[in-house]
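Engineer: A structural model of the following input is requested.
(2 chains)
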Amino acid sequence: MHEILLFGQVPDLRHESVLKILAGLAAMQPQRVIERHAIYRPYRGQVQRASIHTGGSQVVQNAKVNRQEPQVKDLYYTKLVQSLTDDDLNSEKLTVQSNGKSTAGSWSFQFHDVPEPSMKQASQRMVAITAINEGDPNAWMNALGYNYLSEHILEGHRVVHENVIVLLHRLLRFPPEMRSRQAPREQLLPLNDLNPFKAQTGYVIQASIRISEPKPEIIKKALAELTKFKDQVKGIVDLTVVDRLSLDTRIK
Amino acid sequence: MGTINPNLPLALRAWPTEDKDANSIQTLISRISQQHRHARHVTEKGLLEEIANKTANNNEEEEVSEDDGVETLTEPTTKNLEELYKDKSELFQYCLTAREHAAYALDLISLLISKKSKTGEQTVSPALKEAAGLGTLGYDKWQNTQTNPQTQELEDLIATGQRAKSLNTAADTLLKAATRLEKEVRRETTYWEEILSISEKGWSVRRVPRQRLTLGVQYGFLEAINQFRSRGFAVLRSNESGNIELDQGMLQKPKGLRIRVTTSDGKVVGTSKPPLVSNMAELSLEDHIHKARDSIFEEELFHELMLEARVLTGYHVNLREQTIHANIALSEASALKADPSLVSGFLIDLVTLDEDLMQTKKRPSDNLAQKIALALRVLLCYNHRWRLRKRSGIPPPLSDKPQNTPAPPILRPVLSYFHYTSAVSNLRDYVHKVSKSLRSAGLELEYSLKQDTNLSNLSKTIASNANDTRSEVENLTSILINPLQYSITLDLGSLKVNNTSDQALVIESLGQLYPPIWGTQYAVIVTPALSSILGYENNRSGSVRYELTSFSKAITHIDHMLAVFIAHAIIAPDFEGVREIDKSAELIKTTSGVKQSSRFRINVKNGSLSLYWRRASALKHPEEIIWDGERAEKGLKEVMEEMLMKEE
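Structural biologist: I've put the predicted structure just below:
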């Protein structure tokens, strides 16, 4: 699956009015969205093992293997996303049931590629989302070769206008002393106790259309719809293309 | 015209230029002789005196002007010069204007007299000559008549009258304007009051796109399909008195859905109650909006029903002349109880509400018709909510594959409910009959009926399904449109005297008109203990489940099972020398010394039990005895005993 994105900014003061306008435009109540994003980073050692050279006669053999296998490519950050509700944030502890299912919302494994360089009118990137139905997601990620890095909470609202998914959100972090170093925290905090990211104020508006495959005609159709939406909200929110490298998920 | 200061020294000639010869000796001499007669008389003394006099005069003048307090006359400053220029140009303008006027006057007079004398021809300007031509203006001399005092009086009177008339007209116009203004104000007040009244009641009033000064009201359903969504908006226009009228474009009479319940012989035995029809003129604006909304809702409902009915032709639903004919009596059911007065189907059509619908008298199935109509309406509402929920979620990724949106289930849940109830009543009738037949044959069958658990404790189910996103009404409706299950447990073990193991037969029916079931499905579940008696292969430890697609198949299956069970578990163990055949309801009695053996067969058909036998001695004369629920003289076992006695 691919998605085509445009971004904009909404100051705190205008947040409510913009939300109302969007709700009116889409003719629906905005859906509350609270997500916990846990960022994972692959550990290099394991992945790079293939390129380690060994001495003696094996060198020739290894060279052959290397030719056949694709080159070790860039490494990417990935994330686990858990959808939550307001109740989850306020509850004392997220209990994990015996079958490994958390009482809170389900997790999913999400991978976002770097946006395609060819697209100019919007950002287009490949997205892979895999739902995790049960089990301990952190242990699973560790087994896949990823280490937990950090986590943040995405809080906002979503409206859907035809195929355009509009997410008006902001990112929040746990206070520094409460950040976990090993795995996502078991206990969440009420929204008021969380800190905005980098003392950032205001909300981010993300308008996206998901497409099943990057065929030119589908991209054209999606772009046309996204541009139409952009023109519709002109004067309310400025939707722009962001620099593709600011959406870079590669490890440098 | 401004006034010119008379004291201002002015010269109507060009500013003097520097003359080269001004100081030449000749000019000087001539000037001196002009001023002082001959040069002879000019003496130095005389000149000195003159100069002294001049200065004295100037001083006097200066003193006088200083006494007057006027300081501006001292010397011509640059400012004065400018003024001078200005005044000069002004004067020039006046002169030009005067010249022009004079020329016009001359032209006019010349033209006038050019008709009678030739003098005018010389003075008329060539431009006028060309434009108007000579002699084109004429004149006559009239004698100045003496005005008659009477006429004068009359004329004065007329003038007064005319003036009074004009004043009256003016007053009338003003009054009319005032009335009109008042009317307008009243009209506007009524208009805004009505707008406010509907807007306060929650109707969404908004401006009409591209018509900035008109308001409209949205009364339709946002989740309706496109053609009805756009019709759910009407412009509000005020009439003469300021009352608002709904401008619905094409004027359409309100319509309503009508359900008529029919019997199998085609008689209508019940009609749903159409929405109240009242005089349109007496309705308030809100009632009008209500009417319009109801009408559009009914029309959409009918439209959806028509679409849905097309795919349901296989389920006895037909379209004939804009009427949906739905048959709810299954063929199997009608076979069991062929009574023409029973309700066999219903008709759905859309009627214009101004027809005389209210006069129809009460009929026995009015209630049923009304309930069907209500259910259809509830299901359309449910469908609207479902669409909103679907729209609010994240849409599937765009793709080039066409997306098919199936017609919403509105008629299907209603039909499947009827199918379900008819299936259930068939099953129940069958089980009653079986138990009655068996009782008459001396066997007691225990059975239990169980309704769908979701239905039997509805309130509990709704509460347990409740969450934030769905309302209780939606939960209720979703339970009703899900497949309904009905189960009957036949405790076959109870037929035996010493009942030990769980030998039950469960019949389940599950009905709905969607994939994958498309109708009513029957399942016969056989417990392990029973399946071993019936000789069914059962590799697993659990119950065996047989799924059957029609009622007749199901009862044939159960009939057979019952017969085999009776033969194997009830007759065979009780009578010595009687041997059963595997998987069959036949019994064989072999008597020692006799080559032929007697054969018995237990038969259960459509719920009635029969015993069929051929004696060894008379194989060609089979005999049969039937227990069909009527009081019988002897039971099955007694008959068997008699038979066997006779054999020996």
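Engineer: count of residues packed around residue B:601?
Structural biologist: Residues lying near residue B:601 (other C-beta atoms under 10 Å in any protein chain shown) number 18. For every residue, glycine as well, the C-beta is placed using N, CA and C.
Engineer: Just to check, it is in contact with residue B:622?
Structural biologist: No: using C-beta atoms under 8 Å, residue B:601 is not in contact with residue B:622; the gap is 9.3 Å.
Engineer: Are there residues contacting both of the two? Which ones?
Structural biologist: Here residue B:601 and residue B:622 have B:612, B:613 as joint contacts, going by C-beta atoms under 8 Å, 6 or more residues apart in numbering or on different chains.
Engineer: My guess is residue B:206 contacts residue B:234. True?
Structural biologist: No: at 11.6 Å, residue B:206 does not count as touching residue B:234 under the criterion of C-beta under 8 Å.
Engineer: shared neighbours, the two?
Structural biologist: By C-beta under 8 Å, 6+ apart, the residues touching both residue B:206 and residue B:234 are B:216, B:217.
Engineer: neighbour count winner among the two?
Structural biologist: Counted by other C-beta under 10 Å, residue B:206 and residue B:234 do not tie: residue B:234 has more neighbours, with 22 against 11.
Engineer: hey, what's the more buried one bridged with?
Structural biologist: Listed beta-bridge partners, residue B:234: residue B:217 (assigned using DSSP bridges).
Engineer: how close does it get to chain A?
Structural biologist: From residue B:234 across to chain A, the span is 18 Å (C-beta to the nearest C-beta, to the nearest Å).
Engineer: confidence score at that residue?
Structural biologist: You'll see residue B:234 listed with a pLDDT of 83.
Engineer: Repeat that for residue B:539.
Structural biologist: Looking at residue B:539, its pLDDT is 61.
Engineer: just the one 4 residues further on next, same as before
Structural biologist: The pLDDT attached to residue B:543 in the predicted structure is 72.
Engineer: Could you do residue B:103 as well?
Structural biologist: Per-residue pLDDT puts residue B:103 at 92.
Engineer: and the strand or helix carrying it, which residues are buried?
Structural biologist: Taking DSSP states H and E as the criterion, residue B:103 maps to helix B:78-113. Judged by neighbour count (16 or more other C-beta atoms under 10 Å in any protein chain shown), helix B:78-113 contains these buried residues: B:107, B:110, B:111, B:112, B:113.
Engineer: so what's residue B:113 closest to, chain neighbours aside?
Structural biologist: The shortest distance from residue B:113 to any non-neighbouring residue, by C-beta to C-beta, 6 or more residues apart in numbering or on different chains, is to residue B:120 (4.1 Å).
Engineer: pretty sure the one you found contacts residue B:111?
Structural biologist: Yes: if you go by C-beta under 8 Å, residue B:120 and residue B:111 touch, sitting 6.6 Å apart.
Engineer: Now for these two: what residues contact both?
Structural biologist: residue B:134.
Engineer: Spell out which parts of chain B neighbour chain A.
Structural biologist: Listed as neighbours of chain A in chain B under the rule C-beta under 8 Å from any C-beta of the partner chain: B:222, B:388, B:391, B:392, B:393, B:394, B:395, B:396, B:397, B:398, B:399, B:400.
Engineer: What's the local residue count around the last one?
Structural biologist: When neighbours are counted by other C-beta under 10 Å, residue B:400 registers 11.
Engineer: quick one: contacts for it?
Structural biologist: Applying C-beta under 8 Å, 6+ apart, we find residue B:400 in contact with A:215, A:217, A:218.
Engineer: Which ones among those residues map onto strands?
Structural biologist: Nothing among these maps onto strands, per DSSP state E.
Engineer: Just the buried residues of these.
Structural biologist: Of these, these count as buried by 16+ other C-beta under 10 Å: residue A:218.
Engineer: Which ones among the contacts of residue B:400 also lie next to chain B?
Structural biologist: A:215, A:217, A:218.
Engineer: any idea what sits nearest the first one, other than its immediate chain neighbours?
Structural biologist: To tie it back to what came earlier, the one meant is residue A:215. In space, residue A:215 is closest to residue B:400, 6.5 Å off (C-beta to C-beta, 6+ apart).
Engineer: shaky segments in chain A?
Structural biologist: Within chain A, the set of residues satisfying pLDDT under 70 comprises A:44-73, A:91-104, A:199-200.
Engineer: Near chain B, which residues of it are found?
Structural biologist: So far as C-beta under 8 Å from any C-beta goes, chain A lies against chain B at A:1-2, A:27-29, A:31, A:158-160, A:162-163, A:165, A:209-213, A:215, A:217-218, A:221-222.
Engineer: Kindly indicate whether the residue nearest to residue B:113 is helix, strand or coil.
Structural biologist: Put simply, residue B:120 is helix when judged by DSSP: H, G, I helix; E, B strand; the rest coil.
Engineer: got a list of what it touches?
Structural biologist: Counting by C-beta under 8 Å, 6+ apart, residue B:120 touches B:109, B:110, B:111, B:112, B:113, B:114, B:134.
Engineer: redo that, cut-off 7 Å
Structural biologist: B:110, B:111, B:113, B:114 (C-beta atoms under 7 Å, 6 or more residues apart in numbering or on different chains).
Engineer: will you turn those residues into CSV that also has pLDDT?
Structural biologist: Formatted as CSV, these follow (pLDDT from 0 to 100):
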residue, pLDDT
B:110, 87
B:111, 86
B:113, 85
B:114, 83
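Engineer: what two of the residues you listed have the greatest distance between them?
Structural biologist: Spatial extent of the contacts of residue B:120 (C-beta to C-beta) is set by the pair B:111 and B:113 at 7.7 Å.
Engineer: tell me which of the contacts of residue B:120 is nearest to residue B:426?
Structural biologist: Distance to residue B:426, by C-beta to C-beta, is smallest for residue B:111 among the contacts of residue B:120, at 119.5 Å.
Engineer: Leaving out chain neighbours, which residue sits closest to that closest one?
Structural biologist: The nearest residue in space to residue B:111 (C-beta to C-beta, 6+ apart) is residue B:137, at 5.0 Å.
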